[in-house]
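Colleague: Requesting a structural model of the entry that follows:
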Amino acid sequence: MAQAHPSGRPVRAARRRRVRGPARALLAMLLTALVVGGAVPYVAGPGRSYLSYLVLAEREDAAGAALAGAESRAVGGQVVQEYPQIGAVLAYATGSFADKVRTRPGITAVGATRTTPVVAPPRAVDGAGDFTAGADRGGRGTGGADRVGTERADGGADTVPDPAEGGAWNLAMLGATAARGGDAPPAPAGAPAIGVPDPGALHRVLVAVLDSGVDDTHPDLRAAVDPKASASCADGRPDARTGAWRPDPGVGESGHGTHVAGIVGAARDGRGVSGVAPGVRIAAVRLLGPLGQYYAENIVCGLLWGADHGAKAINNSYFADPWKYNCPEDRDQAALIAAVGRAAGYARRKGAVVVASAGNDGQDLGGPRIDERSPNDRASGPPQTRFLGAECVRLPGELPGVLTVTAVNRDGHPSAYTNYGRGRVSLAAPGGDPDGGPQNAIVSDWPGGQYAALAGTSMAAAHVTGAVAVAAALHPDFGSDALAALLATTAAAGCPPGPFGCGDRQYVGAGLLTLPR
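Modeller: Numbering: from 1, shown residues only. Prediction:
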């Protein structure tokens, strides 16, 4: 969930609410999360400290998950969620749990997903844990983030007036005909002049927005968010209770997911903003927990939920906490890479294109770099300064098969904050400039019926997710690989020389996103 200061420089402050004090302060924060409506309450325990672990079996199926659960319980772990789709479980434990489970037969990896303990595993919640909730019911209701922008110290954003769908330079850059207003630039030279598939075709397409939650009461999103396909995964368990997918205003940056969802599929009705794919159905999946983290189990849960509910694209505009980059030589981090990788692979096999933001640190993902913010869930003390090589990866953006998206400004040039890397990024899309005011950022929805101007690779990734929805509506028989290939081919064809040209491929991958036809 990296972001940048309005100047465009990467920053680490005002990012999310963190636990800073000793055990008493930690307990107070946990209890506060329960009181203010956080979807992931932790019950008070008898003074014990638990870490959460992902335990992976060699078998990547239900039998593997059952084995991982049995072996975890055998050494004192409390299993709170099984992931039969990938042969893994989420367990909470104290002491030397990981070392013990790693020696058990049939176990291939075990990793702690957090560095600061909690007082107990998450409490039982009726209905939580069922990945099939709503998946077989017809119909629908009506019901770590990579951004930059005019950000307040409270984690919110400065809002802008209702744009009435005007001045949408970002849509014009994709070749969409929806953009209105005299200040919108023309589409790239050579890009096909296209519209958007009719709402009926897009309505048959579901995309999942894995983020901080989505405000489905926003006028632009009321008809888009499908409550039967939405859930919270904010503690690694799918919770499909009504409204569980909505943002928690008590957690910093909770509006981010609503902004991302608006870019993907806000209604085209002459008010507010129009999404890249107006009419698409959105599965809102809240990952952001009450302590302000996108832990690996939350990501695994969200990817599996989106895949099992038939999403054609799964948007990931964040990075996995607590490690900004996960390194395979560390046993804990290697397990997190494996778990999220299994979930992403499962989603792709189920037909979903997994889309992720490249990040806002201006770093070459293919070269050495410095990580000065991990672990970001520490209770006290400074972060480590880690000097990393290219083998350390950003999750989920650097996993095989994931479409990793960089950001460009209104002029088509790479944004100063965007991460890049030859062979490490897939596509470029509008992300905007945080220094140029709202007209040079991406204006989209914000909770409470409002609108905000933000910039970042979060916004760029959302454009790609919307484009996948358009491609899926046009080609309903395409699987995930074919959809991704179509976007790459169309992007390459729409990248001539000039101000909107692709330039150095390390910044744009296959090219600048253009809507398929």
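Colleague: Mind telling me which residue is nearest the centre of this protein?
Modeller: Asn316 (2.4 Å; Cα atoms, centre = their mean).
Colleague: Could you verify my assumption that that one touches Arg394?
Modeller: No. Shown here, Asn316 and Arg394 do not form a contact pair, counting by Cβ atoms under 8 Å, at 10.6 Å. Backbone N, C-alpha and C define where each C-beta goes, glycine included.
Colleague: re the thing from before, counting neighbours, what do you get for the nearest residue to the residue nearest to the centre of the chain once chain neighbours are set aside?
Modeller: Spatial nearest neighbour of Asn316, chain neighbours left out: Ala356 (4.2 Å); criterion: Cβ to Cβ, 6 or more residues apart in numbering. Ala356 is surrounded by 30 other residues when neighbours are defined as other Cβ atoms under 10 Å.
Colleague: any low-confidence regions in the stretch 101-250 of the chain?
Modeller: Residues of the stretch 101-250 of the chain that meet the criterion pLDDT under 70 lie in 136-156, 177-196.
Colleague: go on, the chain?
Modeller: Within the chain, the ranges that satisfy pLDDT under 70 run 1-47, 136-156, 177-196, 496-501.
Colleague: Can you show me the helices along it?
Modeller: Under the criterion DSSP state H, the chain contains helices at 23-35, 62-74, 97-102, 169-173, 199-203, 256-265, 296-308, 331-349, 457-474, 480-493, 505-508.
Colleague: would a markdown table of those with distance to Asp126 and mean neighbour count be doable?
Modeller: Formatted as a markdown table, the entries for the helices of the chain read as follows, by distance: least, Cβ to Cβ, whole Å; neighbours: other Cβ atoms under 10 Å:
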| stretch | distance to Asp126 | mean neighbour count |
| --- | --- | --- |
| helix 23-35 | 16 | 15 |
| helix 62-74 | 21 | 20 |
| helix 97-102 | 28 | 18 |
| helix 169-173 | 42 | 26 |
| helix 199-203 | 31 | 17 |
| helix 256-265 | 24 | 32 |
| helix 296-308 | 17 | 29 |
| helix 331-349 | 25 | 22 |
| helix 457-474 | 32 | 31 |
| helix 480-493 | 34 | 20 |
| helix 505-508 | 47 | 20 |
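Colleague: contact partners of stretch 385-400?
Modeller: With contact meaning Cβ atoms under 8 Å, 6 or more residues apart in numbering, stretch 385-400 is reached by 296, 299, 303, 316, 319-320, 324-329, 336-337, 340-341, 344-345, 354, 356-359, 365-372, 374, 402, 404, 419, 424.
Colleague: same thing but at 7 Å, please
Modeller: If you take Cβ atoms under 7 Å, 6 or more residues apart in numbering as the criterion, stretch 385-400 is touched by 299, 316, 319-320, 324-328, 336-337, 340-341, 344, 354, 356-359, 365-372, 374, 402, 404, 424.
Colleague: What's the PyMOL line that selects buried ones from these?
Modeller: Only the buried members of the contacts of stretch 385-400 enter the following PyMOL selection, criterion being 16 or more other Cβ atoms under 10 Å:
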select buried, resi 299+316+319+320+324+325+326+327+336+337+340+341+344+354+356+357+358+359+365+369+371+374+402+404+424
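Colleague: now the residue nearest to the centre of the chain, which residues is it bridged with?
Modeller: In this structure, Asn316 has beta-bridge partners Leu210, Ala356, where bridges are defined by DSSP bridges.
Colleague: ditto for Tyr83
Modeller: Applying DSSP bridges to Tyr83 gives these bridge partners: Ala88.
Colleague: Quick check: closest non-adjacent residue to Pro163.
Modeller: Using Cβ to Cβ, 6+ apart, the nearest residue to Pro163 is Val443, at 5.3 Å.
Colleague: The one you found and Tyr451 touch, don't they?
Modeller: Yes. If you go by Cβ atoms under 7 Å, Val443 and Tyr451 touch, sitting 5.8 Å apart.
Colleague: shared neighbours, these two?
Modeller: Val160, Pro163, Val273.
Colleague: Now for the first one: which residues touch it?
Modeller: By Cβ under 7 Å, 6+ apart, the residues touching Val160 are Pro438, Val443, Tyr451, Ala452, Ala453.
Colleague: mind running it again at 10 Å?
Modeller: Applying Cβ atoms under 10 Å, 6 or more residues apart in numbering, we find Val160 in contact with Thr150, Gly437, Pro438, Gln439, Ala441, Val443, Ser444, Trp446, Gln450, Tyr451, Ala452, Ala453.
Colleague: on that earlier part again, who touches the residue nearest to the centre of the chain in this structure?
Modeller: For Asn316, the contacting residues are 144, 146, 208-211, 260, 287, 294, 299, 302-303, 306, 340, 344, 354-357, 395-397, 399, 402-405, 458, 461, 465, taking Cβ under 10 Å, 6+ apart as the criterion.
Colleague: Ala352 versus that one, what's the distance?
Modeller: According to Cβ to Cβ, to the nearest Å, Asn316 and Ala352 sit 11 Å apart.
Colleague: what do the two both touch?
Modeller: Among the neighbours of Asn316, those also in contact with Ala352 (Cβ under 10 Å, 6+ apart) are Ala208, Leu303, Gly306, Ala344.
Colleague: List the contacts of the third one.
Modeller: When the contact criterion is Cβ under 10 Å, 6+ apart, the partners of Gly306 are 206-210, 229, 231, 233, 283, 285, 312-316, 343, 347, 350, 352, 354.
Colleague: Please repeat the previous calculation with a cut-off of 6 Å.
Modeller: When contacts are counted by Cβ atoms under 6 Å, 6 or more residues apart in numbering, Gly306 is found next to Ala208, Ala283, Ile314.
Colleague: The second one reaches Leu210, doesn't it?
Modeller: No. The pair formed by Ala283 and Leu210 falls short of the contact definition of Cβ atoms under 6 Å, at 8.9 Å.
Colleague: In terms of neighbours, single out the busier of those two.
Modeller: Using other Cβ under 10 Å, the more surrounded residue of Ala283 and Leu210 is Leu210, with 31 against 26.
Colleague: From what I see, the more buried one and Leu304 are in contact.
Modeller: No. Counting by Cβ under 6 Å, Leu210 does not reach Leu304; the two are 10.7 Å apart.
Colleague: From what I see, Ala428 and Val408 are in contact.
Modeller: Yes. Judged on Cβ under 6 Å, Ala428 makes contact with Val408 at a distance of 5.1 Å.
Colleague: who has more neighbours, those two?
Modeller: Of the pair Ala428 and Val408, Ala428 is the one with more neighbours under other Cβ under 10 Å, namely 33 against 26.
Colleague: Okay, and the beta partners of that one?
Modeller: Thr406, Leu512.
Colleague: Distance of it relative to Asp504?
Modeller: 11 Å.
Colleague: And Arg246, by the same measure?
Modeller: Taking Cβ to Cβ as the measure, Arg246 falls 41 Å from Asp504.
Colleague: Over to Ala320?
Modeller: For Ala320 relative to Asp504 (Cβ to Cβ), the value is 28 Å.
Colleague: Same check on Arg422?
Modeller: Counting by Cβ to Cβ, the gap from Arg422 to Asp504 is 8 Å.
Colleague: Of these two, which one has the most company?
Modeller: Under the criterion of other Cβ under 10 Å, the comparison of Arg422 against Asp504 puts Arg422 first, with 14 against 9.
Colleague: Now the more buried one. Its backbone dihedrals?
Modeller: As for Arg422, its main-chain torsions (degrees, to the nearest 10) stand at phi -60, psi 130.
Colleague: dump the residue contacts of it.
Modeller: When contacts are counted by Cβ under 6 Å, 6+ apart, Arg422 is found next to Gly366, Gln506.
Colleague: same check, this time on Ser254
Modeller: Contacts for Ser254 (Cβ under 6 Å, 6+ apart) come out as Ser212, Pro247, Asp248.
Colleague: Can I get those residues in a markdown table including neighbour count and distance to Val125?
Modeller: Written out in a markdown table, the entries for the contacts of Ser254 read as follows (neighbours: other Cβ atoms under 10 Å; distance: Cβ to Cβ, whole Å):
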| residue | neighbour count | distance to Val125 |
| --- | --- | --- |
| Ser212 | 33 | 19 |
| Pro247 | 21 | 18 |
| Asp248 | 22 | 15 |
